[in-house]
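K.L.:
generate a structure from the sequence data that follows.
(chains A and B)
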Amino acid sequence: DGGITQSPKYLFRKEGQNVTLSCEQNLNHDAMYWYRQDPGQGLRLIYYSQIVNDFQKGDIAEGYSVSREKKESFPLTVTSAQKNPTAFYLCASRGSGGPATTQYFGPGTRLTVL
Amino acid sequence: SQQGEEDPQALSIQEGENATMNCSYKTSINNLQWYRQNSGRGLVHLILIRSNEREKHSGRLRVTLDTSKKSSSLLITASRAADTASYFCAYTNAGKSTFGDGTTLTVKP
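P.N.:
You can find the predicted model right below:
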């Protein structure tokens, strides 16, 4: 899982609540990413950030928000506007070599809405 | 769908056999990468092939890329029970990576 940590590993949320998933990396990477994975499917990009204080929407950003105040941290908030938030959430980072470099993934957070 | 497609969706083989997985994509790419995911875990990078490369090897892994057909394949030779996992391709364009839905490989001892 490289130098990326995600917490918590499991998270339970009641409907209507916002929750924040943590992602921290000590790899000195500029770019960070949040993906959502549903059972039996691949990863879909929620948000990404290529540099501190800047981020862009991915393919499924609705109902999510992010911040990038520090290079090593890229927290994801799942808001009550997200209609179906139960999923496995993966954070990744990439070094300064751009798209030719690999992404390193955290261990993931499994979010369940009760 | 914007995502890549992989086939087969599931593959079951005996230990020692070779496993081949295919990936197709729809756009131009900078590179294509293959990842492995054990159940409930994060993804581990296996190999990257650039758009100007046709074949790449890493240990028991062999990746090919055919940009004219917009397809790639991953071959795992002499498979082991420990190779049991899901395998994903991801192609990169304009700084974003798009993942396929994966192939679930089961290697029976």
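K.L.:
can you pull the pLDDT of residue B:7?
P.N.:
For residue B:7, the pLDDT comes out at 89.
K.L.:
what does chain A put close to chain B?
P.N.:
A:1, A:4, A:31, A:33, A:35, A:40-45, A:48, A:50, A:58-59, A:88, A:90, A:92, A:98-100, A:102-108, A:110 (Cβ under 8 Å from any Cβ of the partner chain). Glycine gets a C-beta too; all of them are placed from N, C-alpha and C.
K.L.:
out of those, name the ones that lie in strands.
P.N.:
Among the residues of chain A next to chain B, DSSP state E puts A:4, A:31, A:33, A:35, A:43-45, A:48, A:50, A:88, A:90, A:92, A:103-105, A:110 in strands.
K.L.:
just the buried ones out of those residues, please.
P.N.:
If you count burial by 16 or more other Cβ atoms under 10 Å in any protein chain shown, the buried members of these come out as A:4, A:31, A:33, A:35, A:43-45, A:48, A:50, A:88, A:90, A:92, A:103-105.
K.L.:
least confident of the residues you listed?
P.N.:
Pick the lowest pLDDT in those and you get residue A:103, at 86.
K.L.:
right, and it touches residue A:92 too?
P.N.:
Yes: counting by Cβ atoms under 8 Å, residue A:92 is a contact partner of residue A:103 at 4.2 Å.
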